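> here is a sequence with its predicted model. Questions after.
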Amino acid sequence: MDALEQYVEKVKLSPKVKEELLDAGKARARAAVARVKARNAAGVALVGKPIWGTVVAAAGGAAAEEVRRNIVGRVTKDCRSQGLGLILVGGAVNWLGKSIAFVPQVGQAHAAVGGAVLAASFHGSSDKQDPVAAAYEMTTYKYKHPSKEEKK
C-alpha cells in the first residue's frame with residue numbers, strides 16, 4: 001500500500017468516497033509525471049539545436065572548472081590526477097543522467113576539460129614544469145589549504 005492509500009484508510013469515509021479519492025489522487029500523480037516527462041522531452045529537443053547545445057556545454061565547462069578546483073582538488077593537487085578525476089566525473093554524470101535534458105552535455109564538458117588538464121600534464125619536465133600544469137596544480141583546494149603535516 002502506498003502512502004495515499006494508507007492515509008485514505010485512516011479517514012472515516014464511505015468506501016465509494018475513499019475509492020474516488022484514491023482515483024483522483026492517482027490521476028493527479030499521473031498528470032504530474034506526464035508534465036515532468038513533457039518538460040524533459042522539450043529540454044532534450046531544445047538542447048538538440050546547435051546553439052543551445054553549445055550554451056549548455058559552455059556552462060558545463062564552467063562548472064567543470066569549479067569541480068576541478070573544489071571537489072577533485074580536495075583529493076589531489078597533481079595535474080594528471082585532476083584530469084583523470086574530471087574525466088571520471090564527466091563519464092559518471094553522462095552515464096547517470098543520460099535520459100535527463102542537458103545533463104549529458106554537462107558530463108561531456110567535464111570530460112573535455114579533464115582532457116585539457118590531462119594534456120597540460122604531459123608538457124614540461126621535472127626540471128622545468130609547464131606553467132599551465134603548475135597553474136592547474138596551484139589553484140586546487142588542497143594546494144591553497146595544506147594540511148598541518150604538509151605545512152612543515
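Everything's here; your move.

> the closest residue to L22 other than its chain neighbours: which element?
In this structure, L22 finds its nearest non-sequential neighbour in V8, 5.6 Å apart by CB to CB, 6 or more residues apart in numbering. All C-beta atoms are positioned from the backbone trio N, CA, C, and that covers glycine. Applying DSSP states H and E as the criterion places V8 in helix 3-10.

> between helix 3-10 and the next helix-or-strand element following that helix, find me the angle.
Downstream of helix 3-10, the next assigned helix or strand under DSSP H and E is helix 15-47. For helix 15-47 against helix 3-10, the angle by axes from the mean of the first three to the mean of the last three CA atoms, to 10 degrees is 160 degrees.

> tell me, what's the model's pLDDT at the residue with the largest distance to the centre of the chain?
The outermost residue of the chain, judged against the average C-alpha position, is S14 (47.7 Å), by CA atoms, centre = their mean. You'll see S14 listed with a pLDDT of 83.

> do V89 as well
Note on V89: pLDDT of 94.

> show me what contacts it?
Going by CB atoms under 8 Å, 6 or more residues apart in numbering, V89 touches A64, V67, I71, V72, G107, H110, G114.

> most neighbours, which of those?
Compared across those, H110 has the highest neighbour count, 28 neighbours, by other CB atoms under 10 Å.

> next, the angle from whichever strand or helix holds that residue to helix 15-47.
Assigned by DSSP H and E, H110 belongs to helix 103-121. Going by the same axes, to 10 degrees, helix 103-121 is angled at 40 degrees with respect to helix 15-47.

> and the residue nearest to the spatial centre of the chain, how far is that from A41?
In the chain, the centroid-proximal residue (CA atoms, centre = their mean) is V93; its distance is 5.1 Å. Distance of V93 to A41, computed by CB to CB, to the nearest Å: 20 Å.

> fine by me, we can end here.
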